[in-house]
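In: got a structure for you, letters missing:
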């Protein structure tokens with residue numbers, strides 16, 4: 001059953017309480033292990049994490065945005081979420097870190113922190 005845009009939804013920044021579920025979703029999907037990423041925006045629909053966006057470092061050291069869906073959503077809602085994630089990445093996330101290189105370092109630090117805590121509640 002696909003969700004519709006008529007159901008209440010919230011686009012927000014990812015917070016610490018989302019990380020365990022995000023890690024579980026990523027483990028189920030077995031994404032490309034050659035790239036590393038950091039989630040930054042979530043789509044909440046009916047108080048459920050429906051999708052999240054991550055900034056990733058690809059094989060060629062390029063930054064990109066990946067959207068991961070936990071549940072089916074409408075094309076319209078998917079488009080809105082993708083546009084919001086892209087805009088946040090371009091206009092706020094890079095500025096928050098200061099440069100693309102500092103953002104890459106932040107992504108590496110996030111992954112190191114996450115891997116160090118694999119035996120914690122986040123794992």
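Out: Arrived safely. Treat the numbers as computed from the prediction; the structure is a model and nothing was measured.

In: now do the strands in the protein.
Out: Assigned strands in the chain, in chain order: 9-13, 36-45, 48-57, 63-69 (criterion: DSSP state E).

In: of those strands, which approaches residue 77 most closely?
Out: Residue 77 sits nearest to strand 9-13 of all the strands of the chain, at 6.7 Å, using CB to CB. Where you see a C-beta, it was placed from the backbone N, CA and C, and this is true even at glycine.

In: pLDDT of the closest one, averaged?
Out: Confidence for strand 9-13, expressed as mean pLDDT, is 92.

In: could you say what helices and strands that strand packs with?
Out: strand 36-45, helix 75-88 (3 or more CB pairs under 8 Å, 6 or more residues apart in numbering; DSSP states H and E).

In: repeat the analysis, applying 6 Å as the threshold.
Out: With contacts taken as 3 or more CB pairs under 6 Å, 6 or more residues apart in numbering; DSSP states H and E, strand 9-13 sits against strand 36-45.

In: partner strands of the strand it packs on and their direction?
Out: Paired with strand 36-45 in the same sheet, following DSSP bridges, are strand 9-13 (antiparallel), strand 48-57 (antiparallel).

In: against residue 76, how distant is residue 84?
Out: 13 Å (CB to CB, to the nearest Å).
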